[in-house]
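K.L.:
Mind folding the following:
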Amino acid sequence: MEPRHRSALGSPGLRGLGAYRQSVLHPSKRGARLDEAAQDVGFCEQLQGWLRQRRNYLDDPGWYGREYGARGLGRIAYFSMEFGLGEALPIYSGGPGILAGDYLKTASDLNVHLVGVGLLYQ
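P.N.:
Next up, the predicted model:
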């Protein structure tokens, strides 16, 4: 990640690419800074790279899809009070929320059709 892209969007203190991506794409950050980033060729190339990686990730059938395919289970509901999915969704319980988020991420990596059902505190 180039430092000039971070500073162009007013996020010089962010650590890690994940936090940077969330801040760029978050609705509250739209406006002049996002318009400025859209004009930056380097940023647009990086964004296209992220989108290609995301598409490849979603197209991969994963272990579960390769092993069981269509004969596998249907969707599985996973109930939790909250899920630690990223910095954009704060959690309040600590460990249980982080663990629930880890379960969802692992299920996603394996392509197990797990749906998280929880609460969103406003």
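K.L.:
Tell me which residue of the protein is furthest from the middle?
P.N.:
Using Cα atoms, centre = their mean, the residue of the chain lying farthest from its centre is residue 71. It sits 28.3 Å away.
K.L.:
Check what pLDDT that one gets.
P.N.:
pLDDT for residue 71: 74.
K.L.:
Roughly how far does it sit from residue 111?
P.N.:
14 Å (Cβ to Cβ, to the nearest Å). From N, CA and C alone the C-beta is placed, and that goes for glycine too.
K.L.:
same question, residue 66
P.N.:
8 Å.
K.L.:
These two: which is more packed in?
P.N.:
Between residue 66 and residue 111, residue 111 has the larger neighbour count (other Cβ atoms under 10 Å), namely 19 against 11.
K.L.:
What average pLDDT does the longest helix along the chain get?
P.N.:
The helix spanning the most residues in the chain, taking DSSP state H as the definition, is helix 41-59. Averaging pLDDT along helix 41-59 gives 90.
K.L.:
So which bits of it are buried?
P.N.:
Residues of helix 41-59 classed as buried: 43, 46-47 (neighbour count, 16 or more other Cβ atoms under 10 Å).
K.L.:
Run through the neighbouring helices and strands of it.
P.N.:
The contact analysis (3 or more Cβ pairs under 8 Å, 6 or more residues apart in numbering; DSSP states H and E) places helix 41-59 against helix 3-8, helix 32-38.
K.L.:
ranking these by mean pLDDT, which is last?
P.N.:
Comparing mean pLDDT across the helices and strands packed on helix 41-59, the weakest is helix 3-8, with a mean of 50.
K.L.:
quick one: contacts for residue 116?
P.N.:
If you count contacts by Cβ atoms under 8 Å, 6 or more residues apart in numbering, residue 116 has them with 78, 80, 83, 100, 104.
K.L.:
which residues does the first one bridge with?
P.N.:
Spelled out, that is residue 78. residue 116 (DSSP bridges).
K.L.:
Neighbours of it, how many?
P.N.:
Residues lying near residue 78 (other Cβ under 10 Å) number 14.
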